[in-house]
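*Asks:* Below are the sequence and a predicted model for it; my questions follow.
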Amino acid sequence: MSRAQEALCEARRWLGTPYRHGASTCGVGSDCLGLVRGIWRQLYGAEPQAIAPYSADWAEAGKGEPLLDAARRHMEQRPLAAAAPGDMLVFRWRDGVAAKHLGLLADETRFIHAYEGHSVMLSTLAPQWRRRIAAVFAFPDRIGS
């Protein structure tokens, strides 16, 4: 099984996990970053960096692109046209604000994400989601050197 297939299988295991800001436990609670953190732990063991507590409005209140910067450090960025099932999608809600939502591409038309007020769910990658994709990243085949 490829790394992308492993990531997608793990993401599917999280479906139905209640949305909980800052959480990262399958079946108990997770936000979108927590989902990706949990997938990372399953694939590689320890997370690649510590995550400081963050508020729900961190992107609007802060500066820079912390999610994109971290993804570039630990994952392999690819063009949107090359996105494949199992890749991580990073979404930007609006111009001038940091990208702040994550999900995994499930197939050509759907993605898995932790949706605030709901749960980890499979959603249609409708035009309103598609146009907000800021970047695409593949989980690396291996980490470290």
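*Replies:* Thanks, I have the structure now.
*Asks:* what's the single longest helix in this structure?
*Replies:* helix 32-44 (DSSP state H).
*Asks:* Report how many residues lie close to residue 7.
*Replies:* Neighbour count for residue 7, taken as other CB atoms under 10 Å: 24. The C-beta positions use only the backbone N, C-alpha and C, and glycine is treated the same way.
*Asks:* what is the orientation angle of the host helix or strand of it with helix 32-44?
*Replies:* In this structure, residue 7 sits in helix 3-13 according to DSSP states H and E. Relative orientation of helix 3-13 versus helix 32-44 (axes from the mean of the first three to the mean of the last three CA atoms, to 10 degrees): 130 degrees.
*Asks:* Please renumber the chain so that the first residue is 501 from this point on.
*Replies:* Taking 501 as the first residue, the last one we looked at is helix 503-513.
*Asks:* And for the helix or strand following helix 503-513, what's in contact with it?
*Replies:* Using DSSP H and E, the helix or strand that follows helix 503-513 towards the C-terminus is strand 524-525. Outside strand 524-525, the residues that touch it by CB atoms under 8 Å, 6 or more residues apart in numbering are 517, 530-531, 533-535, 537-538.
*Asks:* Out of those residues, flag the one nearest to residue 603.
*Replies:* Proximity of the contacts of strand 524-525 to residue 603 (CB to CB) peaks at residue 535, which lies at 7.8 Å.
*Asks:* so who does the nearest residue to that closest one once chain neighbours are set aside touch?
*Replies:* Using CB to CB, 6 or more residues apart in numbering and skipping the chain neighbours, the partner closest in space to residue 535 is residue 614 (4.8 Å). By CB under 8 Å, 6+ apart, the residues touching residue 614 are 514, 517, 519, 530-532, 534-535, 620-621.
*Asks:* Would you mind giving me the ChimeraX syntax to select the buried ones in the residues you listed?
*Replies:* Remark: buried members of these, expressed as a ChimeraX selection using 16 or more other CB atoms under 10 Å:
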select :514,517,519,530,531,532,534,535,620,621
